[in-house]
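> Here's a sequence, model it:
(chains A and B)
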Amino acid sequence: MKKCIVTLLVLTLFLSGCWDRRELNELGIAMAIGIDKTENEYVISAQVVVPSEVSMKASTGRSAVTLYTATGETVYEAIRKMTKNAPRKMYPGHLQILVINEDLAKEGIAESLELLSRDWELRSDFYVVVAKDITATEVLNVTTPIENIPANKMFNSLKTSEKNWAGTEGVILDELVTNLISDGKEAVLTGIQVLGNKETGTSKQNVESITPSTRIEYDNLAVFKEDQLVGWLNEEESRGYSDITNTVKKTVTSITCPKEGKIIIDIFRYHSKIIGSINKGEPEVDIKIEAEGNIGEVLCSIDIMEPETIDKLEKIYEEEVKEIIHQTIESVQKQYQSDIFGFGEAIHRSNPKEWNEMKEHWDEKFSDLTVNVHIDMKIRRIGTVNNSFLKKIKD
Amino acid sequence: MGFFKKKVNTKVQSTPPSQTKENTSPNGLKTSLQDNIQFVKDSLGSSTDIVIREIRIGKGGSVKAGIFYTDGLSDTPSLQNFIMESLMLDIKGTPLEKKLTPEQNLLTALKDFAMTVGEIKDLTNFDDLFTSLLSGDAILLIDGYSEGLVIGNKHWVERGVTEPTSQTVVRGPREGFSENLRVNTALVRRKLKDPSLWMESKVIGTRTKTNVAIMYIHGIADDKIVDEVRLRLDRIDIDGILESGNIEGLIEDSTYSPFPTVFNTERPDTVAAALLEGRIAILVDGTPFVLLVPALFVQFFQSPEDYYVHTGIGSLIRLLRFLAYLIALLAPALFIAITTFHQTMLPPALLISLTAQREGVPFPAFIEAVIMEITFEILREAGVRMPRSIGSAMSIVGAFVIGTAAVEAGIVSAAMVIVVSITAISSFVSPTYNLAISARILRFGFMALAASFGLYGIAVGMVALILHLCSLRSFGVPYMSPLAPFNVSDQKDTLIVAPIWKMFTRPRLTNQTNKVRQQNPASAKPQPPKNED
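Residues are numbered from 1 along each chain as shown, chains lettered A, B, ... in the order given. Below is the predicted model of the structure:
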């Protein structure tokens, strides 16, 4: 009898079990989510995978993703409301990219991120980008070649461009939230744009031609102050930002030859470090950069077989990058007064006491902060030919 | 009415043996040969395979004698050549013939001078007579004596020593045990010519009278365990032992555990190796499966081939077996848990691909898995039981049903077929069949846990399983040793197989009286000859 009761009790455990069980074909896998805002309501659009269209075998030629939109006073409400027109409940666990409308970003993004950082189903390793001059829904509506799922295209192209080109930043949610709450560092996000005709981009025909008429492309960096978008950097400045914040992994930089023309340097190792200090009561920042690169392209008449030339080129690179960095910092200081580089954090690390005093009015201090840049660049290899054949043609 | 009749019938059938038992055991043999013959005939129901030959021996045929044997179990030609011929013909005109008069002690004389056979025993009661007679020995009774002789003359048609079918190796001896106990003991003796290899015999089974032999190396095997084995075997009171599995069921430590605590093998080299490690072998007549105790968990992952091949491949294969066991135990459960609870763990591309496969599958993953597992178990069981000639037809249908058709019909997803197949193949990796059974049983439990609680359920299940394994004992030895309790020196032959020159001590079971295998471990490592210039 006693055994019987124990067995029954153990069996009841199994009854309570399956409450959060979801079969794979009950999931609406949302790969990208876009947030727009009308007057006072959020418009959420979710790019949901149509699994049978993604797999090679069963595909019928229809679109690999579908877009569901819903409006609501809060983000959560809107996402739940989506079940009104979607057959499956949204599963955001594999979210790749979050697109935020530019206008919404100007108002402030904090509110819309709260749910996304709280919900346990979300992994916080998706990228956050800002849709420039366009709504997030429109961005998610564009079909893309190579990657069936546009969200994957957006994710992968941001990842590769961040690695091999400077000027874009793959900012994941965790990083963004950390920057939002940090005193000494403001956030940046990469912009995303739709080029071409927005109307034709939504159909599969878009990807049937060799050059799609509508394309998604990453743009430059958006500067935030607190959680509000305050402006955009241009391409040069975006790259300067990457140079300063040590997010460059590989890149190419063009420098001018001593006489005329250009030489392209292929940077394969790059390291920068921001060191804060207090000089005569005023904060000061040193940026130390070590870079190694190869000569990638020689478009001028120069004898690179001479060791002195190499030294000269290294000098030119150092000068020019220093110039870009100074310009970038100056423009951010003047235009936005937003410490996106994390100079405040550097001061905080080096002089915590002084930082506590000045952190209240850091924005003003930042505007006229002295920044010293030290660059040490080495050219390692010159490629598979010695002097360029261009030199012979010109001679 | 019919019920009554039946009852009477069974009663009638069961009475004669019990009566004979009551009559004979106190009495023993009678003096009159005629009475004895009559009694034997009555007791055996005049069975036609019992041959009773009455002869007259001695000078002038003054002595009446009877020879009893079972046709088919006895070696008839040798019986005629060495017993009847020597008694009836060769003896004529020899001095011995004169001795054979009823007045003298005939039996001793016969035994000492006339019986040209090796194995001979005295006989005083009918119990022994029947046991010997039905085991194939010949019985010689002399009129006027309440004693007789058992003449060892067993011989019957048997399967020879063939390659073992259940435990095969690529490199290693190809001989396997057969159904004959004597052949089996001989196979072990051939491997271990050690005077300390001791053997004890027992007869178990009140009706089958099955011969059982205990073999161990005196001085290496722990006396306590040997005593325990003896005790447990003596405790057996059953009418029939038909296979060593019956003995195993009667002496093992925990019957309800899915894990075997008695090892069985068909291979003499495995038995010899186990004896050298201090284990005890139980050989049962009538089966090629020899039992080895104490049996440890890791022992079931050890194949004799591990020690015959290079240490590297031996170790890797040993690790592979543990991995395969885990796969056989957990693969479907993990698949269910991850796809129904923890989709976040899957990479996006895999998730989408799995989802695409599941589109249109009507059952939850758990039901799907159970269907496939049961289908496979049915196929496996049918494969073992069915007549050989149907085999190929079966395998085609099986492969087709399980593999292609089920997926194309949309009843199960292709991924599930892959998981079930991997599980099935993994369960065959185990070198011993009966450990794989535990994975087969427990797998379903883990699947249920995974379907109800996800990975949490599997983790809880694993903890419970490990607790259970650690609580098991095999003849007093912790089942999980040398992992728990941990023993450093025995790790050489647990998860990996160390080179043979490194294994200079025996594994620690309970005693450590004689632990050294290689006297000089330092010189055991092979070395190139030193250059003496």
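> From here on, just use CA atoms for contacts and neighbour counts.
Will do.
> The helix or strand hosting residue B:335 - what's its average pLDDT?
Element membership of residue B:335 [criterion: DSSP states H and E] is helix B:311-340. Computed over helix B:311-340, the mean pLDDT rounds to 94.
> packing partners for it?
helix B:365-385, helix B:414-427, helix B:433-453, helix B:455-471 (3 or more CA pairs under 8 Å, 6 or more residues apart in numbering or on different chains; DSSP states H and E).
> Report how many residues lie close to residue 128.
By default, I'm working from chain A. Using other CA atoms under 10 Å in any protein chain shown, residue A:128 has 26 neighbouring residues.
> my bad, chain B
15.
> and the gap between it and residue B:110?
Distance of residue B:128 to residue B:110, given as CA to CA, to the nearest Å: 20 Å.
> Any regions of chain B where pLDDT drops low?
B:1-27, B:99-104, B:510-512, B:532-533 (pLDDT under 70).
> one more time with 50
Within chain B, the ranges that satisfy pLDDT under 50 run B:1-25.
> Return the set of buried residues in the helix holding residue B:335.
Going by neighbour count (16 or more other CA atoms under 10 Å in any protein chain shown), the buried part of helix B:311-340 is B:311, B:314-315, B:317-322, B:324-340.
> Please list the residues of chain B that sit near chain A.
B:339-341, B:343-344, B:348, B:352-360, B:364-365, B:449, B:451-453 (CA under 8 Å from any CA of the partner chain).
> Now, of these, which are buried?
B:339-341, B:343-344, B:348, B:352-359, B:364-365, B:449, B:451-453.
> need the contact list for residue 201.
In the absence of a named chain, chain A is used. By CA atoms under 8 Å, 6 or more residues apart in numbering or on different chains, the contact list for residue A:201 reads A:141-143, A:213-215.
> try chain B instead
Counting by CA under 8 Å, 6+ apart, the residues that residue B:201 touches are B:211-214.
> would you list those residues in TSV and tack on secondary structure and neighbour count?
Output for the contacts of residue B:201, formatted as TSV (DSSP: H, G, I helix; E, B strand; the rest coil; neighbours: other CA atoms under 10 Å in any protein chain shown):
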residue	secondary structure	neighbour count
B:211	strand	19
B:212	strand	22
B:213	strand	21
B:214	strand	21
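> Helices of chain A, start to end?
A:2-17, A:51-54, A:75-81, A:102-107, A:110-118, A:136-140, A:150-164, A:173-181, A:235-244, A:307-335, A:343-350, A:352-358, A:362-367, A:389-394 (DSSP state H).
> hmm, back to that, ok now the helix holding residue B:335, how far from the chain's centre?
28 Å (CA atoms, centre = their mean, to the nearest Å).
> Check stretch A:184-192 too.
8 Å.
> contacts for that stretch?
A:128-132, A:168-171, A:176, A:179-180, A:216-227, A:338-346, A:348, A:359, A:362.
> In ChimeraX, how would I select just the buried ones from those?
Buried residues within the contacts of stretch A:184-192, by 16+ other CA under 10 Å, are selected in ChimeraX with:
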select /A:128,129,130,131,132,168,169,170,171,176,179,180,216,218,219,220,221,222,223,224,225,226,227,338,339,340,341,342,343,344,345,346,348,359,362
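> domains in the chain, as residue ranges please.
Defaulting to chain A. Following automatic domain parsing, chain A resolves into domains at A:24-232, A:235-395.
> meant chain B actually
Split by automatic domain parsing, chain B gives B:9-151, B:181-297, B:307-471.
> Let's have those domains in a markdown table, adding distance to residue B:526.
Output for those, formatted as a markdown table (distance: least, CA to CA, whole Å):
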| stretch | distance to residue B:526 |
| --- | --- |
| domain B:9-151 | 47 |
| domain B:181-297 | 22 |
| domain B:307-471 | 14 |
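> right, so of the ones you listed, which gets closest to residue A:205?
domain B:307-471 (23.6 Å; CA to CA).
> Which residue would you name as the spatial centre of chain B?
residue B:289 (2.6 Å; CA atoms, centre = their mean).
> try chain A
Central residue of chain A (CA atoms, centre = their mean): residue A:170, at 2.6 Å.
> That residue: what's it in contact with?
So residue A:170 contacts A:127-128, A:158-159, A:162, A:189-190 (CA under 8 Å, 6+ apart).
> quick one: which of these is nearest to chain B?
residue A:127 (14.8 Å; CA to the nearest CA).
> right, and that closest one touches residue A:175 too?
No: in this structure residue A:127 lies outside contact range of residue A:175 using CA atoms under 8 Å: 9.6 Å.
> Between those two, which has more neighbouring residues?
residue A:127 (25 against 15).
> taking the helices of chain A together, which one is wrapped up most tightly?
Neighbour counts (mean count of other CA atoms under 10 Å in any protein chain shown) averaged over each of the helices of chain A peak at helix A:136-140, with a mean of 25.
> Return the distance of that helix from the chain's centre.
17 Å.
> average pLDDT for it?
92.
> Report all helices and strands that it contacts.
Using 3+ CA pairs under 8 Å, 6+ apart, helix A:136-140 sits against strand A:27-37, strand A:42-49, strand A:97-101.
> so can I have CSV of these showing mean pLDDT, distance to residue B:277 and mean neighbour count?
What follows is the helices and strands packed on helix A:136-140, written out as CSV (pLDDT from 0 to 100; distance: least, CA to CA, whole Å; neighbours: other CA atoms under 10 Å in any protein chain shown):
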stretch, mean pLDDT, distance to residue B:277, mean neighbour count
strand A:27-37, 92, 57, 25
strand A:42-49, 93, 61, 26
strand A:97-101, 94, 62, 27
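> State which one residue of the stretch 151-300 of chain A is found closest to chain B.
Closest point on the stretch 151-300 of chain A to chain B, by CA to the nearest CA, is residue A:152, at 9.4 Å.
> show me what contacts the closest residue to that residue other than its chain neighbours?
Leaving aside its chain neighbours, residue A:152 sits nearest to residue A:96 (6.9 Å; criterion: CA to CA, 6 or more residues apart in numbering or on different chains). Counting by CA under 8 Å, 6+ apart, residue A:96 makes contact with A:31-32, A:125-127, A:151-152, A:155.
> rerun at 6 Å
A:31-32, A:126 (CA atoms under 6 Å, 6 or more residues apart in numbering or on different chains).
> Going by distance to chain B, which of these wins?
residue A:31 (8.7 Å).
> Run a quick neighbour tally on the residue nearest to that closest one when sequence neighbours are not counted.
Leaving aside its sequence neighbours, residue A:31 sits nearest to residue A:95 (CA to CA, 6+ apart; 4.4 Å). By other CA under 10 Å, the residues close to residue A:95 number 26.
> what sits against residue A:95?
Per CA under 6 Å, 6+ apart, neighbours of residue A:95: A:30-32.
> Look up how far residue A:127 lies from residue A:164.
Distance from residue A:164 to residue A:127, by CA to CA: 17 Å.
> now the contacts of residue B:201 in JSON lines, with distance to residue B:438?
Listed next are these as JSON lines, based on distance: CA to CA, whole Å:
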{"residue": "B:211", "distance to residue B:438": "30"}
{"residue": "B:212", "distance to residue B:438": "27"}
{"residue": "B:213", "distance to residue B:438": "28"}
{"residue": "B:214", "distance to residue B:438": "27"}
